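J.: just a sequence and a predicted model for now, questions to come.
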Amino acid sequence: MQYRRLGKSGLQVSVLSFGAWVTFGNQLDANAALELMAAAYEVGCNFFDNAEAYASGRAETIMGEALSRSGWRRDSYIVSSKVFFGSLEKPSRLQRGLSRKHIYEACYQAIQRLQCDYLDLYFCHRPDAKVPIEETVRAMTELIWRGDVLYWGTSEWSAQQLMEAYAVARQYNLIPPTMEQPEYNMFHRYRVEVEYSRLYNEDTLGLGTTVWSPLASGLLTGKYNEGIPADSRFNLPGYEWLKEKLTGSEAERNLERVKQLAQLADELNTSLPKLALAWCVKNSHVSTVITGASKVSQVQENFTALDVLPSLTDEVMARVDTILGNKETGVYGANT
Ligand code: NDP
């Protein structure tokens, strides 16, 4: 395993981490969740990602049970939650969003469900146009001052919103966000590679990134090339909307790209999931790639993805860019 600083903070996070979206509560109970988390932890994963909204809070309850059964020392892993969507199926206007009230209540509810005394990372799951950024920055800062949260961050905020949060924090002597959680995979590059490029500078935000859906929900494993397997995410009740990724002309082009990428993986003597994960890790502005899995065998495969890094030469990266046809800017640097 490799470890990277979470942006300009001193927190060392494993470059491959593990998250609970879709799987915990829909595909995995606490026993199965612990099996998968243990498979990751044993090979050096030190970050487990969650959110109030995942399976309406059940994902956090399951992870809390798994962590309490694991016997792992609390100081040996990082656990997160996210606030915004609410944990109820139909939250009222008080029970969602980024008001000081919901941020506080969601934080304490997450701590209870996760059976921990504090959250290492706490994310604003989306921006909230109805709440002044100052109120959110202040509430997050106060949670840190109280010791309930160690680092706060955002998820899918624009560069402009992040700069505003930074400016407010500087103006009122509050704590700026440490990290952002954006989508990042071979099909979805712009925000991480271009939009945020000025935010990584340590003289300003020094933003860390905990990127999500590195396999585009499984599309980048090749499992959807010939239809939808019965035991796959796209076939789960409630997640039918994911099937949109398989319809339309762009989807057809993507499936063609997946086939070409699988051929490249073959030439490199590796698998497509490993190639796709290593490709995300190769970007030095990525602090950690949050993986997801519904089976232990997937965790075992995914957590050997770093083996592929030496094969990702400039020439191979250029071939990937040619296949994808979506390169905007070059940001690949040495691992830090
Ligand atoms: P991926 O894009 O990597 O998709 C994971 C899914 O792909 C698995 O659950 C599994 O689905 C399938 N899969 C994984 N590995 C393999 C493999 N080796 N071979 C075949 N199939 C495989 O990641 P997620 O979309 O799960 O996102 C990862 C994490 O990111 C989440 O758990 C969450 O913590 C975070 N996230 C954050 C978001 C945000 O808004 N901040 C949004 C989304 C995710 P199956 O077997 O069921 O087909």
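T.: Thanks, I have the structure now. As the structure is a prediction and not an experimental result, all values here were calculated from the model.
J.: now the strands for the stretch 151-300 of the chain?
T.: In the stretch 151-300 of the chain, the segments counted as strands under DSSP state E, counting those that start in this stretch are 179-180, 208-211, 288-291.
J.: partners of the shortest one in the sheet?
T.: In other words, strand 179-180. Strand pairing for strand 179-180, using DSSP bridges, gives strand 149-154 (parallel), strand 208-211 (parallel).
J.: so, in contact with the ligand or not, it?
T.: No: Strand 179-180 does not reach the ligand (C-beta under 6 Å from any ligand atom); its nearest approach is 9.3 Å. C-beta here means a position set from N, CA and C on the backbone, and glycine is covered the same way.
J.: residues of the protein that sit close to the ligand?
T.: 19-23, 49, 155-156, 181, 212-218, 221, 223, 232-233, 273, 290-294, 298, 301-302.
J.: and for stretch 143-159, what's in contact with it?
T.: Here stretch 143-159 makes contact (C-beta atoms under 8 Å, 6 or more residues apart in numbering) with 6, 9, 11, 82, 84, 103-104, 107-108, 111, 118-127, 140-141, 161-162, 165, 175, 177-183, 195-196, 198-199, 208, 210, 212.
J.: in helices only, show me the residues of the chain next to the ligand.
T.: Using DSSP state H, the subset of those located in helices is 273, 298, 301, 302.
J.: of all those residues, which two lie farthest apart?
T.: 273 and 298 (7.6 Å; C-beta to C-beta).
J.: so for these two, which sits in the more crowded spot?
T.: Neighbour count, other C-beta atoms under 10 Å: between residue 273 and residue 298, residue 273 has more, with 25 against 19.
J.: which non-adjacent residue is nearest the more buried one?
T.: Take residue 273 and drop its neighbours on the chain: the residue closest to it by C-beta to C-beta, 6 or more residues apart in numbering is residue 221, 4.6 Å away.
J.: and the pLDDT at that neighbour?
T.: What the model reports as pLDDT for residue 221 is 98.
J.: tell me the SS of residue 322?
T.: With DSSP: H, G, I helix; E, B strand; the rest coil as the basis, residue 322 sits in helix.
J.: over to the residue in the stretch 51-200 of the chain positioned nearest to the ligand: give its phi and psi.
T.: For the stretch 51-200 of the chain and the ligand, the shortest gap (C-beta to the nearest ligand atom) falls at residue 155, measuring 3.8 Å. Main-chain torsions, residue 155, degrees, to the nearest 10: phi -140, psi 120.
J.: measure it to residue 114 for me?
T.: Here the criterion is C-beta to C-beta, to the nearest Å. By it, residue 155 lies 18 Å from residue 114.
J.: quick one, which of the two is more surrounded?
T.: residue 114 (25 against 20).
J.: report pLDDT for that one.
T.: Reading off the confidence values, residue 114 has pLDDT 98.
J.: am I right that it is in contact with residue 50?
T.: Yes: with contact defined as C-beta atoms under 8 Å, residue 114 counts as touching residue 50 (6.9 Å).
J.: would you mind listing the buried residues in stretch 109-120?
T.: 109, 110, 111, 113, 114, 115, 116, 118, 119, 120 (16 or more other C-beta atoms under 10 Å).
J.: what about it, how long is it end to end?
T.: One end of stretch 109-120 to the other measures 15 Å (C-alpha to C-alpha, to the nearest Å).
J.: how much space between residue 273 and residue 291?
T.: From residue 273 over to residue 291 the distance is 9 Å, taken as C-beta to C-beta.
J.: overlap in contacts of these two?
T.: Overlap of the contact sets of residue 273 and residue 291 (by C-beta under 8 Å, 6+ apart) consists of 215, 302.
J.: and residue 175, what are its phi and psi?
T.: phi -100, psi 120.
J.: how many neighbouring residues does it have?
T.: Neighbour tally, residue 175, other C-beta under 10 Å: 18.
J.: now the longest helix along the chain: how far from the chain's centre is it?
T.: Counting by DSSP H, the longest helix found in the chain is helix 249-267. Distance of helix 249-267 from the chain centroid (C-alpha atoms, centre = their mean, to the nearest Å) equals 23 Å.
J.: counting contacts, what elements does it pack onto?
T.: The contact analysis (3 or more C-beta pairs under 8 Å, 6 or more residues apart in numbering; DSSP states H and E) places helix 249-267 against helix 272-282, helix 314-324.
J.: please identify the buried residues of the last one?
T.: Taking 16+ other C-beta under 10 Å as the neighbour-count basis, helix 314-324 is seen to contain the buried residues 316, 320, 323, 324.
J.: how far away is the third one from the ligand?
T.: The gap separating residue 323 from the ligand is 18 Å, by C-beta to the nearest ligand atom, to the nearest Å.
J.: who's in contact with that residue?
T.: Residue 323 is in contact with 257, 260, 261, 264, counting by C-beta under 8 Å, 6+ apart.
J.: rerun that using 7 Å as the cut-off
T.: By C-beta atoms under 7 Å, 6 or more residues apart in numbering, residue 323 lies in contact with 257, 260, 261.
J.: ok, those residues vs residue 31, which is closest?
T.: residue 261 (34.5 Å).
J.: now do the contacts for that closest one.
T.: 272, 275, 323.
J.: switch those over to JSON lines; also include pLDDT.
T.: Compiled in JSON lines, those are given as follows (pLDDT from 0 to 100):
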{"residue": "272", "pLDDT": "98"}
{"residue": "275", "pLDDT": "98"}
{"residue": "323", "pLDDT": "97"}
